[in-house]
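> got a sequence here, can you model it:
(2 chains)
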Number of protein chains: 2
Amino acid sequence: MQIYPPLVRVSPRLCPLFPPLLPLPLLKRKRSNNFRASMDRSTTLSRFPRLPHRDLMLDLIATAESLLSPDLLPSSVPDDVLSFQNEAGTSIGSLDVRSGSPGSSVDFILESWLHCQIPNGALDITTLFAFLNDSTDAPHFLLEIIQSSPTSLILFLDLLPRRDLAVDADYVDKFYQDTQLDKQRQQVNKVPQVLPYYSNSLYIRSILSPTAIAVHINCGEDGQGVMEEIVRTQVESAAKEVLQIWFDKCARSSKQMEESERAYMLKRDGMIKTKAIEIDLAANMPRLFGAEVANRVVGEIHKAFGLRT
Amino acid sequence: MQIYPPLVRVSPRLCPLFPPLLPLPLLKRKRSNNFRASMDRSTTLSRFPRLPHRDLMLDLIATAESLLSPDLLPSSVPDDVLSFQNEAGTSIGSLDVRSGSPGSSVDFILESWLHCQIPNGALDITTLFAFLNDSTDAPHFLLEIIQSSPTSLILFLDLLPRRDLAVDADYVDKFYQDTQLDKQRQQVNKVPQVLPYYSNSLYIRSILSPTAIAVHINCGEDGQGVMEEIVRTQVESAAKEVLQIWFDKCARSSKQMEESERAYMLKRDGMIKTKAIEIDLAANMPRLFGAEVANRVVGEIHKAFGLRT
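Okay, the predicted model is just below:
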């Protein structure tokens, strides 16, 4: 599980190997005015391959921005992080981060697109990550899709717990049982092409909730149409429902906590952020993008995460 | 997941509906002298149906007792908990508990057998549970097999974490990564008849480790031979390996802890015990055995768990 891959904005000049594959349908999408100019963004994202989950991610990101609009500050990510690539132009990426506005429960929203040519094909990783701050103990939102071919993808969709669930059964009830989140997992798991996915990292497995959707969808050879259908129906339905639950129950919640509780939660959040960077980005980014680009992008994620670089 | 069902010792007088199905092969098994008289025990257990996992559980329990022999006190469970049944004799059970000896890291070992006639057939639940005390933070051992027919069973096999893994990545490495526990999960999950099993209780899902084996083995109609083969090979191999890892790395470990760490761990252990009883026994035991028997057995488990009744 690559939790925090970078969100990519690529200009044609920087990315000769990836001509626009989409005739700018994104211009039709309504996006918050606070985001970088829509035209720039559309141009950038249109250069990523038209994979089955692409429209879904764009829809979800637009929904998240729209729902959270009053809670978000404009993006302040520099251009060379909004759009980056490796020297050979075989890997392109874009990372965008918007911090929560003062008084909001949102810490930041991180959106990330990554496309890499690898020896056996291409790897596409797209992530939407919404972290809350210490005014609440409600879970964070995570959606990540890792696609290695048009017929095979890995999906992580979860509300990441911020408490030790073994100690806090009420938290399990409040955010996972009462919200009926498991129904979404059950629906996705019913699809014949869906198998459970176990991250190689035992730590990553440990931070997921008991209703996490962590699956490998494999449609076999010539299964591109089937994959598109699964993404457009079951995956889209689950992702939208989980995002809505997160918005309704978490994104604007607040919680009175004792100082020791808050300190423990922040330590927990900090460890998750640190380990996720260590496990995913520190290992993969330099290999895919070279040290300089990797440092720049990881540095920006460190900043968003409130970690020391 | 029924974590703490009771271990059954049933006399022929008490259990007319369950004549001996096994010609006392258990007499051949070497058991610790500290246990209740072997003859009694064999007679009792021989009245449970000869299910595929039966010999495996007996082997494992004998191994656990043998490995831990110096660390265990004799059983002090009263006869009417070592053997109990409901009024109609359609449900029989046996619970045995041995506490750790002074100076040992073992808190207690709980062994449990349960056989219940239910409207659609019979339900057999067997559990081996080894809890450690606060001289170490090493994981507890859990093996539970729930069988609703000769061709279908649910298996839980895990080392239950005693720390919040999201905060303690070193703990994940030490007890789960470095011990290569996940290999056992992978082996079991490779078997075509094996599917992941998700407990209805989200809390129970939350207390399992990232390498937990929680699976449903379904061999379909006429699959009794296949089930026996799977239990005798893959399940037995995984269970023995996990028990050995637990013995080597956990059962005799010790750990210097600050008082606050120890207090947190004991709170965590206590919550797991309390919730497991609430979720499993409080809901099921009265229904299967009647209030009086249920109170007696649950009371004994409370005592073993160090909980107030």
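> up against chain B, what does the stretch 101-250 of chain A have?
Residues of the stretch 101-250 of chain A that fall close to chain B, judged by C-beta under 8 Å from any C-beta of the partner chain: A:161, A:164-167, A:169, A:172, A:176-177, A:182, A:185, A:196, A:198, A:202-203, A:205-207, A:209-211. Using the backbone N, CA and C atoms, a C-beta is placed for each residue, glycine as well.
> and the strands in chain A?
Secondary structure of chain A by DSSP state E: the strands cover A:84-85, A:91-99, A:106-118, A:121-132, A:140-149, A:152-160, A:194-196, A:213-218.
> turn those into TSV, including mean neighbour count.
Shown next, in TSV, are the strands of chain A (neighbours: other C-beta atoms under 10 Å in any protein chain shown):
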stretch	mean neighbour count
strand A:84-85	27
strand A:91-99	26
strand A:106-118	22
strand A:121-132	23
strand A:140-149	22
strand A:152-160	22
strand A:194-196	16
strand A:213-218	21
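> want to try TSV for the ones you listed, with mean pLDDT as columns?
Putting the strands of chain A into TSV (pLDDT from 0 to 100) gives the following:
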stretch	mean pLDDT
strand A:84-85	92
strand A:91-99	93
strand A:106-118	92
strand A:121-132	92
strand A:140-149	93
strand A:152-160	97
strand A:194-196	96
strand A:213-218	97
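> right, so of the ones you listed, which gets closest to residue B:275?
Closest to residue B:275 of the strands of chain A, according to C-beta to C-beta: strand A:152-160, at 20.7 Å.
> are any of the residues of the stretch 101-250 of chain A next to chain B buried, and if so which?
Using 16 or more other C-beta atoms under 10 Å in any protein chain shown as the burial test, those include A:161, A:164-167, A:169, A:172, A:176-177, A:182, A:185, A:198, A:202-203, A:205-207, A:209-211 as buried.
> am I right that residue A:141 is in contact with residue A:111?
No. Counting by C-beta atoms under 8 Å, residue A:141 stays clear of residue A:111, with 11.8 Å between them.
> show me whatever sits in contact with both of these two.
In terms of C-beta atoms under 8 Å, 6 or more residues apart in numbering or on different chains, residue A:141 and residue A:111 are both contacted by the residues A:128, A:129.
> returning to that earlier point: among the strands of chain A, which comes closest to residue B:189?
strand A:194-196 (8.5 Å).
> next, find the distance separating residue A:229 from residue A:218.
For residue A:229, the distance to residue A:218 equals 14 Å [C-beta to C-beta, to the nearest Å].
> neighbours of the nearest residue to residue A:300 once chain neighbours are set aside, how many?
Spatial nearest neighbour of residue A:300, excluding adjacent residues (C-beta to C-beta, 6 or more residues apart in numbering or on different chains): residue A:81 at 4.6 Å. Applying other C-beta atoms under 10 Å in any protein chain shown, we find 24 residues neighbouring residue A:81.
> need the contact list for residue A:81.
Remark: with contacts taken as C-beta under 8 Å, 6+ apart, residue A:81 is in contact with A:6, A:95, A:296, A:297, A:300.
> and with 7 Å instead?
Residue A:81 sits next to A:95, A:296, A:297, A:300 when contact means C-beta atoms under 7 Å, 6 or more residues apart in numbering or on different chains.
> scan these and report the most crowded one.
The residue in the contacts of residue A:81 with the most neighbours, by other C-beta under 10 Å, is residue A:95 (29 neighbours).
> any idea how far it is from residue A:303?
Distance from residue A:95 to residue A:303, by C-beta to C-beta: 11 Å.
> ditto for residue A:167
Distance from residue A:167 to residue A:303, by C-beta to C-beta: 32 Å.
> residue A:72 against residue A:98, yeah?
Yes. Between residue A:72 and residue A:98 there is a contact under C-beta atoms under 7 Å: 4.5 Å.
> common neighbours of those two, please.
residue A:109.
> kindly export the lengthiest helix in chain A (C-alpha atoms) in PDB.
Taking DSSP state H as the criterion, chain A has its longest helix at helix A:259-276. Output in PDB follows, covering the C-alpha atoms of helix A:259-276 (Å, rounded to 0.1, in the frame of the first residue of the first chain):
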ATOM      1  CA  GLU A 259      -4.700  16.800  27.400                       C
ATOM      2  CA  SER A 260      -3.300  13.300  27.800                       C
ATOM      3  CA  GLU A 261      -5.900  11.900  25.400                       C
ATOM      4  CA  ARG A 262      -5.100  14.500  22.800                       C
ATOM      5  CA  ALA A 263      -1.400  14.000  23.200                       C
ATOM      6  CA  TYR A 264      -1.800  10.200  22.700                       C
ATOM      7  CA  MET A 265      -3.900  10.800  19.600                       C
ATOM      8  CA  LEU A 266      -1.400  13.200  18.100                       C
ATOM      9  CA  LYS A 267       1.400  10.800  18.800                       C
ATOM     10  CA  ARG A 268      -0.600   8.100  17.000                       C
ATOM     11  CA  ASP A 269      -1.300  10.400  14.100                       C
ATOM     12  CA  GLY A 270       2.300  11.400  13.900                       C
ATOM     13  CA  MET A 271       3.500   7.800  13.900                       C
ATOM     14  CA  ILE A 272       1.100   6.900  11.100                       C
ATOM     15  CA  LYS A 273       2.300   9.800   9.000                       C
ATOM     16  CA  THR A 274       5.900   9.100   9.600                       C
ATOM     17  CA  LYS A 275       5.700   5.400   9.000                       C
ATOM     18  CA  ALA A 276       3.600   5.900   5.900                       C
END
